[in-house]
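> From the sequence below, what's the structure:
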Amino acid sequence: MGAFEELAEVSGTLENSYVKAWKSQGKKVIGYVCSYVPEEIFYAADILPYRITGKGVSDTARADAYLSRVNCSFSRCVLEAGFTGRFDFLDGAVFMNGCEHIRRAYENWEATDKALPFMYMLPVPHVMDPDGDALKWYREEVDKLIQAVEGYFDITIEPQNLAEATAVCNESRRLIRKIYDMRTKDNPPFTGAEVLTIVTAGTRMPKTEFNRILAAIIEEAGSRKAAGEDKVRLLVAGSPMDDPDFIENVEEMGAVVVADTLCIGARSNWDLVEENGDPLEAVTHRYFHHVPCPRMAGEFQKRFDFLKKQIDRAQVDGVILESIKFCDYHAGDNALYRRELEQAGIPALELERQYGPLADAGRIRTRVQAFIERIGR
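Model prediction:
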């Protein structure tokens, strides 16, 4: 099995071989939902952080009894996965108040007999105020999370361990950045679907193993067949995305996705943690101030600047602004993005979708095909 194929297996399997190996050593695994939950804290406790999504869920019959149809399909798929035992291999889960949809999913999961042994909600402020009060609040909440983890699992998270975890996670970010740098070439060695597969795998396995395999993939990149020669170069932005099939569906229309601003993608991996000074201070500062999610009020310009930076560095021909139906945060941002991009002469397509298997693949292909024809390369 090659390096990429190994990561593809991890990305496509919930309880993958690395998770099983970790648990076979008597170690714990904690799921988390959002990019505002610091992974380093869990690694410092010798706990494997595992990003929770609803991947693989095709029916939400049980979750629909608790959440309405105006709750997004991502939150319903996550709740369904919890209800049906797909995450029973986890020893706990940490959510955050990203939006009311995922908050309701947490509350309903936590209140039933299918709740995991350790369930925690991390409150994160919705504003990044210039006085720093919001950062202080976030730091206090992270302190409470640490205390809860230490108390429940009977461990102590030492500063030295946190510093070591930071170094390992930063190495992952640097390696991912190299992959993204390669995507900016005229003939990138990776498709967008392959990159999403790689990045998703990194959220579901130990970072040390991920770094080892990712370094091998980078080493082999020069011998890979070019993925994007004479194809329309696209960027994908929007709601949570962990489905390479969606990207592949887009690329089959004669395009290559060379950049993204997805939360399971560039937005989660672009900023490093400062490795000098107090490690907890550095971790909280980085996670609170990393490229902001649409749930952070008043930060549209920062998000747009990051989007524009990715467009420029990857020589993007057009932008697909996808949003999960009823995801108001991303849908609102996408409408503003489209206006700004079109005024700047950059073609943009707003594309509403459901989370999960591509039930509407044909509709997406039709709209993407028309968009590519409009770009006219």
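
> Looking at this protein, which helix is longest?
helix 159-183 (DSSP state H).

> What is it packed up against?
helix 39-44, helix 192-201, helix 207-220, strand 255-260, helix 266-269, helix 279-289 (3 or more CB pairs under 8 Å, 6 or more residues apart in numbering; DSSP states H and E). Where you see a C-beta, it was placed from the backbone N, CA and C, and this is true even at glycine.

> In JSON lines, list the ones you listed along with distance to Pro244 and mean pLDDT.
Output for these, formatted as JSON lines (distance: least, CB to CB, whole Å; pLDDT from 0 to 100):
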{"stretch": "helix 39-44", "distance to Pro244": "22", "mean pLDDT": "98"}
{"stretch": "helix 192-201", "distance to Pro244": "4", "mean pLDDT": "97"}
{"stretch": "helix 207-220", "distance to Pro244": "15", "mean pLDDT": "96"}
{"stretch": "strand 255-260", "distance to Pro244": "10", "mean pLDDT": "96"}
{"stretch": "helix 266-269", "distance to Pro244": "16", "mean pLDDT": "95"}
{"stretch": "helix 279-289", "distance to Pro244": "26", "mean pLDDT": "97"}
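
> among these, which is the most enclosed?
Comparing the helices and strands packed on helix 159-183 by mean neighbour count (mean count of other CB atoms under 10 Å), strand 255-260 comes out on top with a mean of 28.

> For that strand, what is the distance to the chain centroid?
16 Å (CA atoms, centre = their mean, to the nearest Å).

> same check, this time on stretch 312-331
14 Å.

> Using PDB, write out every CA atom in that stretch.
Presented in PDB, the C-alpha positions along stretch 312-331 are these (Å, rounded to 0.1, in the frame of the first residue of the first chain):
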ATOM      1  CA  ASP A 312      -4.000  35.100  -6.000                       C
ATOM      2  CA  ARG A 313      -1.400  32.600  -4.900                       C
ATOM      3  CA  ALA A 314      -3.000  29.600  -6.700                       C
ATOM      4  CA  GLN A 315      -3.900  31.500  -9.900                       C
ATOM      5  CA  VAL A 316      -7.500  30.700  -9.500                       C
ATOM      6  CA  ASP A 317      -9.900  31.100 -12.500                       C
ATOM      7  CA  GLY A 318     -13.100  30.800 -10.500                       C
ATOM      8  CA  VAL A 319     -14.600  30.200  -7.000                       C
ATOM      9  CA  ILE A 320     -17.200  27.700  -5.900                       C
ATOM     10  CA  LEU A 321     -19.000  28.900  -2.800                       C
ATOM     11  CA  GLU A 322     -20.700  25.900  -1.400                       C
ATOM     12  CA  SER A 323     -23.000  25.900   1.700                       C
ATOM     13  CA  ILE A 324     -25.000  23.200   3.400                       C
ATOM     14  CA  LYS A 325     -28.700  24.000   3.200                       C
ATOM     15  CA  PHE A 326     -29.800  26.000   6.300                       C
ATOM     16  CA  CYS A 327     -26.100  26.900   7.200                       C
ATOM     17  CA  ASP A 328     -26.800  30.600   7.600                       C
ATOM     18  CA  TYR A 329     -23.300  31.600   8.600                       C
ATOM     19  CA  HIS A 330     -21.700  30.300   5.400                       C
ATOM     20  CA  ALA A 331     -24.600  31.200   3.200                       C
END
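
> for it, which positions count as buried?
By neighbour count on 16 or more other CB atoms under 10 Å, the buried set for stretch 312-331 is 314, 316-324, 326-327, 329-331.

> and which of those residues is nearest to His285?
Checking those against His285 by CB to CB gives Tyr329 as the nearest, at 23.2 Å.

> which residues sit in contact with that closest one?
With contacts defined as CB atoms under 8 Å, 6 or more residues apart in numbering, Tyr329 is in contact with 99, 293-295.

> can you pull the contacts of the residue nearest the centre of the chain?
The centre of the chain sits closest to Ile264, judged by CA atoms, centre = their mean, with a distance of 1.8 Å. Contacts for Ile264 (CB under 8 Å, 6+ apart) come out as 51, 53, 196, 199-200, 203, 240-242.

> hmm, try it at 10 Å
35, 51, 53, 196, 199-200, 202-203, 240-243 (CB atoms under 10 Å, 6 or more residues apart in numbering).

> go on, Arg173?
202, 207, 268-273, 286.

> Same list, these, but as JSON lines with distance to Val19 please.
Output for the contacts of Arg173, formatted as JSON lines (distance: CB to CB, whole Å):
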{"residue": "Gly202", "distance to Val19": "13"}
{"residue": "Lys207", "distance to Val19": "13"}
{"residue": "Ser268", "distance to Val19": "20"}
{"residue": "Asn269", "distance to Val19": "21"}
{"residue": "Trp270", "distance to Val19": "26"}
{"residue": "Asp271", "distance to Val19": "27"}
{"residue": "Leu272", "distance to Val19": "26"}
{"residue": "Val273", "distance to Val19": "24"}
{"residue": "Arg286", "distance to Val19": "26"}
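
> Pick the one among those closest to Leu79.
Using CB to CB, Ser268 is the member of those that sits closest to Leu79, with 22.4 Å.

> Nearest spatial neighbour of that closest one, chain-adjacent residues omitted?
Ser35 (4.4 Å; CB to CB, 6 or more residues apart in numbering).

> For that neighbour, what are phi and psi?
phi -70, psi 0 (degrees, to the nearest 10).
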